[in-house]
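Visitor: the following comprises the amino acid sequence and a computationally predicted model.
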Amino acid sequence: MVRSQKGFTLIELVIVIVILGILAAIAISKYVSITTEARVATINGMAGGLRGAVALARGKYIVVGNNAAVTVDMDGTLVGCNAATGIPLGTAAGIGTAMVDLSGFNVNYTVPTAVTFMPTNGGSATCDAVYNGTTGVVTTNTGGC
């Protein structure tokens, strides 16, 4: 007698479910790693943008040659800066204006010597770029990304 099979056995179904579980566990760990790497890259990108904005503002300040000025005209936008150095202030009217687009970041201007730029999507308090409005130095914290 010839019998035809009309479905899967319980063992075959269990094996498929176990294999899918293993693949899912691997995929989730890779996804978490990629998410962390993306946040770190975002912080490093913001730090580079901040450094570029400081360099452009200072360059414009030096070219104008007015050491008493407290603003720099960057393409029709006035950026608040420190007199004698041209470093953008740690305020929304300073570095916030020099950066032009801060979408994707929560910015905290509470302390002008430690303005923080944190990604809107995830991370923690130790996942940010920090701008010093006095010295123009930018540091990154990527431990909590």
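Guide: That came in fine, so what should we check first?

Visitor: any idea whether Pro112 is helix, strand or coil?
Guide: Secondary structure state of Pro112, per DSSP: H, G, I helix; E, B strand; the rest coil, is coil.

Visitor: so what's it up against?
Guide: Leu89, Gly90, Thr91, Gly133, Thr134 (Cβ atoms under 8 Å, 6 or more residues apart in numbering). Where you see a C-beta, it was placed from the backbone N, CA and C, and this is true even at glycine.

Visitor: so of those, which ones are in helices?
Guide: The members of the contacts of Pro112 all map outside helices under DSSP state H.

Visitor: and the residues you listed, which of them are buried?
Guide: Leu89, Gly90, Gly133 (16 or more other Cβ atoms under 10 Å).

Visitor: what's around Thr85, how many residues?
Guide: Thr85 sits with 15 neighbouring residues when counted by other Cβ atoms under 10 Å.

Visitor: just the helices in this protein please.
Guide: Secondary structure of the chain (DSSP H): helices at 10-64, 95-99.

Visitor: most tightly packed of those helices?
Guide: Per-residue neighbour counts averaged over each of the helices of the chain give the maximum for helix 95-99, namely a mean of 23 (mean count of other Cβ atoms under 10 Å).

Visitor: what's in contact with that one?
Guide: Counting by Cβ under 8 Å, 6+ apart, residues outside helix 95-99 touching it are 49-50, 53-54, 56-57, 74, 77-80, 88-89, 102, 107, 109, 115, 131, 133.

Visitor: now that helix - C-alpha only, CSV.
Guide: Once side chains and other backbone atoms are set aside, the C-alpha atoms of helix 95-99 remain, and they are given as CSV (Å, rounded to 0.1, in the frame of the first residue of the first chain):
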residue,chain,number,x,y,z
ILE,A,95,26.1,78.0,18.6
GLY,A,96,22.4,77.2,18.1
THR,A,97,22.2,79.7,15.3
ALA,A,98,25.6,78.8,13.8
MET,A,99,24.5,75.2,13.5
